[in-house]
Each structure stands twice: as structure tokens, then as C-alpha cells.
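> using only what follows, build the 3D model:
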Amino acid sequence: MTRVQFYYLLLLISFLFCFLEWGNNHSSFIFQLEYEILMNTNQASENFMHPLILFPFIGEILLLILIFKKKPKRWLIIISILFPGILVMMILLVGLLSLNIKIICSAIPFLITAILILRSMNQKN
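Numbers count the residues shown, from 1 in each chain. I've put the predicted structure just below:
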């Protein structure tokens, strides 16, 4: 596994471990929410079509493809960072507005890894 492929794997893992809190004593990681959405067969198709669920999920699939692809296209890398990145930026914004350190700290690894990937893309060119 190359360094860049390791970054893709790290990006995927850091996305799945973004933390959310809402209401009174409600909290969850993204991987837990995805499991609930995918395993709830009654409303899975309705829940899955929401843009805040669909685009990050597409981004995750693209990240899985990037992990195994030798020389991915530049647009594929950018989309695979951008789609889950939108949700992570919203999570970070919520954390900053509510001054919730757990939410802020859970979003930072994704952002750092995304920056590392983009820097490595620019160094190759």
C-alpha cells in the first residue's frame, strides 16, 4: 500500500468516526448512523435519497475505489474528498457554533487528511 492509498484509507476512517450530538443525550458516530439507515429496511430508500446522506455515501464508495486503484483520475480524487467533506464541514460548523470540543475534534482528522491528499496531488504535478 502506497502512502497516498494509506491517506485514502485514513480519510475514509476519519469520516466514519466524525461525531454528532443533538438534543438531550443523543449522540452518534457517522458509521453508527449509516448502519441504522442501511439496516432500517422500512424507510431505507426514503432516508437514503436525502442529499446529506447520498453524497457522502457516494464519496465513501469512491474512496474505497481509490484505495484499490493504482492511478486514479484527478476528478475522482476531488469528488471523493468533496462529497463527504461537505458533511464534515457542516459538522465542524455545528461544533464551532455550539463550542462542542468533541464535535470539533472529530472533524479535524478528516480535514487534515484531505489537505495531505491535496498537497500530494499538487506535488506530483
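> out of the helices and strands in the protein, which is least certain?
Across the helices and strands of the chain, mean confidence by mean pLDDT, DSSP states H and E is lowest for helix 44-48: a mean of 62.
> after that helix, next one along is what?
helix 51-68 (DSSP states H and E).
> for that next one, name the packing helices and strands.
Where contact means 3 or more C-beta pairs under 8 Å, 6 or more residues apart in numbering; DSSP states H and E, helix 51-68 is packed against helix 3-16, helix 30-39, helix 44-48, helix 74-98. Bear in mind the C-beta positions are built from the backbone N, C-alpha and C, glycine included.
> list the buried residues of it.
Residues of helix 51-68 classed as buried: I53, F55, P56, F57, G59, E60, L62, L63, L66, I67 (neighbour count, 16 or more other C-beta atoms under 10 Å).
> again, but for stretch 29-36
So, applying 16+ other C-beta under 10 Å, buried residues of stretch 29-36: I30, E34.
> for it, the distance to its chain's centre please.
12 Å (C-alpha atoms, centre = their mean, to the nearest Å).
> contacts for it?
Residues outside stretch 29-36 that contact it (C-beta atoms under 8 Å, 6 or more residues apart in numbering) are F15, L16, F17, C18, F19, L20, P56, F57, L87, S106.
> do stretch 117-125 as well
Outside stretch 117-125, the residues that touch it by C-beta under 8 Å, 6+ apart are R3, V4, Y7, Y8, L11, R74, I77, I81.
> OK, contacts around the first one?
Applying C-beta under 8 Å, 6+ apart, we find R3 in contact with S120.
> when you give positions from now on, start the count at 11
Let's use 11 as the start, then, which means that last one is R13.
> now tabulate the contacts of stretch 39-46 in CSV and tack on distance to T123 and pLDDT.
Formatted as CSV, the contacts of stretch 39-46 follow (distance: C-beta to C-beta, whole Å; pLDDT from 0 to 100):
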residue, distance to T123, pLDDT
F25, 9, 95
L26, 12, 94
F27, 12, 95
C28, 12, 94
F29, 16, 93
L30, 19, 90
P66, 15, 91
F67, 18, 90
L97, 15, 93
S116, 13, 95
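> if anything else comes up later, I'll come back, but that's it for now.
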